[in-house]
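Participant: I would like the atomic coordinates for the input below:
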Amino acid sequence: MVESAAAEAIAPLFAIGDRVRVRKQHPPGHVRTPHYCRGHVGVVLRLCGAFPNPEELAYKRNGLPAQPLYRVRFASRELWTDYIGGANDVVEIEIYQHWLEPAA
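Facilitator: Here you go, the predicted structure:
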């Protein structure tokens, strides 16, 4: 399935180092993007590849076209304004492209 998914993949929009914002959406159903990162800005660390959309697979659909999946790094203080840990603490999350937009 991965080979056919790659053939039907959406082109990547972001590159390593790009600042991206996670869309602040709250759709019903099966969602694979953590609530705590929605609306926050991070930096793309890498493109992991393109994979069938798991939000569609959960409903027994084929998940195509495949969505690019990125590893995005967030400063912990970006995610939690009351974070008391170290200033250099980060969280890395793999997020599908349809949840990301360019950061302003």
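Participant: Tell me the buried residues in the lengthiest strand in the chain?
Facilitator: The longest strand of the chain (DSSP state E) is strand 41-51. For strand 41-51, a neighbour-count test (16 or more other Cβ atoms under 10 Å) marks Val41, Gly42, Val43, Val44, Ala50, Phe51 as buried. Placement of C-beta: from N, CA and C, glycine included.
Participant: which regions of this structure sit below the pLDDT cut-off?
Facilitator: Counting by pLDDT under 70, the chain contains low-confidence ranges at 1-7.
Participant: and the residue lying farthest from the centre of the chain, helix, strand or coil?
Facilitator: Largest separation from the mean C-alpha position in the chain: Ile84, at 25.2 Å (Cα atoms, centre = their mean). What DSSP: H, G, I helix; E, B strand; the rest coil gives for Ile84 is coil.
Participant: Check which element follows the longest strand of the chain along the chain.
Facilitator: Counting by DSSP states H and E, the next helix or strand C-terminal to strand 41-51 is helix 54-57.
Participant: Mind listing residues that contact that following helix?
Facilitator: If you take Cβ atoms under 8 Å, 6 or more residues apart in numbering as the criterion, helix 54-57 is touched by Gly29, His30, Val31, Arg32, Asn62, Gly63, Leu64, Tyr96.
Participant: For the protein, just list every one of the strands.
Facilitator: Using DSSP E, the strands of the chain run over residues 19-22, 41-51, 67-75, 90-96, 100-102.
Participant: Report the beta-bridge partner residues of the residue lying closest to Ala15 once chain neighbours are set aside.
Facilitator: Using Cβ to Cβ, 6 or more residues apart in numbering and skipping residues adjacent in sequence, the residue nearest Ala15 is Val44, 6.7 Å away. Using DSSP bridges, the bridge partners assigned to Val44 are Val72.
Participant: which residues does Val44 contact?
Facilitator: Residues near Val44 by Cβ under 8 Å, 6+ apart: Phe14, Ala15, Ile16, Gly17, Asp18, Arg19, Val20, Tyr70, Arg71, Val72.
Participant: Please verify my assumption that the first one contacts Gly42.
Facilitator: When you say that, I think you mean Phe14. No - with contacts counted by Cβ atoms under 8 Å, Phe14 stays clear of Gly42, the gap being 10.8 Å.
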